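# What follows is a predicted structure for the sequence shown.
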Number of protein chains: 2
Amino acid sequence: MRLTQFRLCPFSRGVRLILGEFGLQPELVDVNPWRQPRELMLRNPGRTLPVLDLADGSSFLGFYAIAEFCADVQRSGSRVGVVLSGGGETTPSDRFGTTTTPAQPTPAEDYPNDITLLPDDLEDRAEVRRLVDWFALTCNREVTQELLIEKVRSVLERDATPPNAAMLRAARENRTHHLAYLGFLTDNRNWIGGDRFSLADIAAAAHLSTLDFIGEIDWAAHPQVKDWYQRIKSRPSFRPLLTDRVPGLIAPPHYADLDF
Amino acid sequence: MRLTQFRLCPFSRGVRLILGEFGLQPELVDVNPWRQPRELMLRNPGRTLPVLDLADGSSFLGFYAIAEFCADVQRSGSRVGVVLSGGGETTPSDRFGTTTTPAQPTPAEDYPNDITLLPDDLEDRAEVRRLVDWFALTCNREVTQELLIEKVRSVLERDATPPNAAMLRAARENRTHHLAYLGFLTDNRNWIGGDRFSLADIAAAAHLSTLDFIGEIDWAAHPQVKDWYQRIKSRPSFRPLLTDRVPGLIAPPHYADLDF
């Protein structure tokens, strides 16, 4: 299993969390999201990351298709870890990327039971999807992408323009509203989407972990969100994200600390 | 059934097409997407349109949640038109919007069979979702939203800044790439997502119809896309979109013409 991704892409992180919840750690192939290799663009003209290639030759592009595919597999009564790992071997490759990290086996005891990505009830499911959509569309466009473009792209792309102070200010203002609503949700529910951990928590945690890596979350100002994030951060699926490194960028010291 | 929406929002248009394919025309409540009523924002802090309220009191927010809910209903063996119309009556209301259009009954003979929003095969389904995601994330951010902000927001919001020439140019450059790929798909497939009409066609047609309304599609330059769009435009579900009016904006004469 191979995941073509970018370390700080919130959608890539979300898929890694999903796979991690099912005990899967794919081979990781890193690409620069703003300068994707031509071969990848031809397969994926939407330039949506990540791209998941399974051992049987099938490909799944983007968080939406991958997450709902895993939910479909669950609904069919199969175990996601078994279907996705397919029992086969992938050939390590760096066709697309600059660096690769080989797939890692995960001890089975870390995942006694599969989580349920989407609740059974159709209305509860719609609530989870509303929240996933909120992060994918609104939070991504107004906060995460803007801050990534201003703070990370200028490091990766040497000819990129330096951070734009007005854009940074607007994105941070938006971020405050998003965190306030997340605070409201975490104050009123056990998990973001309801009583149980779901795809909504994964989507939210993926965006927040990207923002945390680039030093854009003031945890002291959002104690309820911090409590919820601490629970997610302690899950085995989150561990690989805490060891991520991006050349040219240094995460704040608390980023990898479970007791931040 | 009530849909709170904006006429030129591609996600609102997509949901109207989905509902139309199942013979449903909800009551329409129009809002300004850039100045949403406070009561709506409290329900929907992601500010994602549209919002679908059913007669039984349940609500569904955003294209993703609504589309997948309809697909879930289909998968459960129920008919979407029956479940969503619920046999009840909604109370006409303009709580949120400035204008409302009452729900319209649709002659049953227009919809002899329900369409299938997502194919049965899991990989085929992932391909449809990849394309839906391409429009929701990439095309929306790079083309549709930018052109709407520059050309429509400045009309609806009197204090808005006039169109920014550099942003218009960048969005039009992106648009050319998206239309070229759509041309590739329509040249190689019967429908966008494969052999059969699907959610991918609906998502693509919704974005293109928004762009067409604001005079941003040069059909002569994209003949394969035009052939595909002409087939969609002739479907009964598309009719209500062709009569849309937006105060202060005039669609080009070919917009409502089936033989454009």
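Perfect, thanks for sending it.

# Test my guess that A:F197 contacts A:A204.
No - taking contacts as C-beta atoms under 8 Å, A:F197 lies outside contact range of A:A204: 11.1 Å. For every residue, glycine as well, the C-beta is placed using N, CA and C.

# between those two, which one's more packed in?
More neighbours sit around A:A204 than around the other of A:F197 and A:A204, counting by other C-beta atoms under 10 Å in any protein chain shown; the figures are 28 against 19.

# would the more buried one count as being in a helix?
Yes - remark: A:A204 belongs to a helix, assigned using DSSP: H, G, I helix; E, B strand; the rest coil.

# what's it in contact with, if anything?
With contacts defined as C-beta atoms under 8 Å, 6 or more residues apart in numbering or on different chains, the neighbours of A:A204 are A:131, A:135, A:182, A:192.

# Can you give me the neighbour number for the residue nearest to A:R13 when sequence neighbours are not counted?
Excluding the flanking residues, the one nearest A:R13 by C-beta to C-beta, 6 or more residues apart in numbering or on different chains is A:A206, at 4.0 Å. Here the count is done by other C-beta under 10 Å, and A:A206 has 25 residues near it.

# And for A:H254?
When neighbours are counted by other C-beta under 10 Å, A:H254 registers 13.

# Let me know the pLDDT of it.
With respect to pLDDT, A:H254 scores 96.

# distance of it from A:F213?
Relative to A:F213, A:H254 is positioned 11 Å away (C-beta to C-beta, to the nearest Å).

# residues contacting A:Q224?
Residues counted as contacts of A:Q224 (C-beta under 8 Å, 6+ apart) are A:183, A:186-187.

# Mind giving me the ChimeraX select for those residues, buried ones only?
Entered in ChimeraX, the line below selects the buried ones among the contacts of A:Q224, by 16 or more other C-beta atoms under 10 Å in any protein chain shown:
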select /A:183,186
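
# And the contacts of A:Q224, which is closest to chain B?
A:G183 (11.3 Å; C-beta to the nearest C-beta).

# That closest one: which element?
Using DSSP states H and E, A:G183 sits in helix A:165-188.

# Check A:V29 too.
For A:V29, the element it lies in under DSSP H and E is strand A:27-30.

# got the CA positions of that strand in PDB?
Coordinates of each C-alpha in strand A:27-30 appear next as PDB, following Å, rounded to 0.1, in the frame of the first residue of the first chain:
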ATOM      1  CA  GLU A  27       4.600   3.400   2.400                       C
ATOM      2  CA  LEU A  28       4.700   7.200   2.200                       C
ATOM      3  CA  VAL A  29       5.800   9.000  -0.900                       C
ATOM      4  CA  ASP A  30       6.200  12.800  -0.300                       C
END
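
# which of the residues in whatever helix or strand comes next after it are buried?
Later in the chain than strand A:27-30, the nearest helix or strand by DSSP H and E is helix A:38-43. Taking 16+ other C-beta under 10 Å as the basis for neighbour counts, the residues of helix A:38-43 that come out buried are A:L40.

# try stretch A:249-260
Neighbour-count burial for stretch A:249-260 [16+ other C-beta under 10 Å]: A:249, A:251, A:255-256.

# any idea how far A:R153 is from A:G248?
In this structure, A:G248 and A:R153 are separated by 11 Å, where distance is defined by C-beta to C-beta.

# Between those two, point out the one with more neighbours.
Of the pair A:G248 and A:R153, A:R153 is the one with more neighbours under other C-beta under 10 Å, namely 17 against 9.

# got any ranges where chain A has weak pLDDT?
A:87-100, A:104-114, A:159-160 (pLDDT under 70).

# residues from it in reach of chain B?
Counting by C-beta under 8 Å from any C-beta of the partner chain, the residues of chain A close to chain B are A:44-48, A:58, A:60-66, A:68-69, A:72-73, A:76, A:122-123, A:125-127, A:129-134, A:136-141, A:145, A:177, A:181.

# Give the buried subset of those as a PyMOL selection command.
Command for PyMOL, covering only those of these found buried under the criterion 16+ other C-beta under 10 Å:
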select buried, chain A and resi 44+45+46+47+48+60+61+62+63+64+65+66+68+69+72+73+122+125+126+127+129+130+131+132+133+134+136+137+138+139+140+141+145+177+181
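
# and the closest residue to A:W34 other than its chain neighbours, helix, strand or coil?
Nearest-residue entry for A:W34: A:R153, 5.5 Å, with adjacent residues in sequence omitted and distances by C-beta to C-beta, 6+ apart. The three-state assignment at A:R153 reads helix, by three-state DSSP.

# For A:R153, give its distance to chain B.
When C-beta to the nearest C-beta, to the nearest Å is applied, the distance between A:R153 and chain B equals 15 Å.

# A:L8 versus that residue, what's the distance?
In this structure, A:R153 and A:L8 are separated by 10 Å, where distance is defined by C-beta to C-beta.

# Could you report the distance from A:A251 to B:V83?
Counting by C-beta to C-beta, the gap from A:A251 to B:V83 is 47 Å.

# OK, contacts around the closest residue to chain B within the stretch 101-250 of chain A?
Closest approach of the stretch 101-250 of chain A to chain B (C-beta to the nearest C-beta) occurs at A:W134, with a separation of 3.3 Å. With contacts defined as C-beta under 8 Å, 6+ apart, the neighbours of A:W134 are B:45-46, B:48, B:62.

# Let me know the closest of the residues you listed to chain A.
Taking C-beta to the nearest C-beta as the measure, B:G46 is the one of those closest to chain A, at 3.3 Å.

# quick one: contacts for the closest one?
Counting by C-beta under 8 Å, 6+ apart, the residues that B:G46 touches are A:130-131, A:133-134, A:137-139, B:61-62.

# can you list the residues you listed in CSV and add secondary structure and distance to B:D244?
Supplementary listing: the contacts of B:G46 in CSV, determined by DSSP: H, G, I helix; E, B strand; the rest coil; distance: C-beta to C-beta, whole Å:
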residue, secondary structure, distance to B:D244
A:R130, helix, 25
A:L131, helix, 30
A:D133, helix, 24
A:W134, helix, 27
A:L137, helix, 23
A:T138, helix, 24
A:C139, helix, 29
B:L61, strand, 22
B:G62, coil, 20
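
# With that, I have no additional questions.
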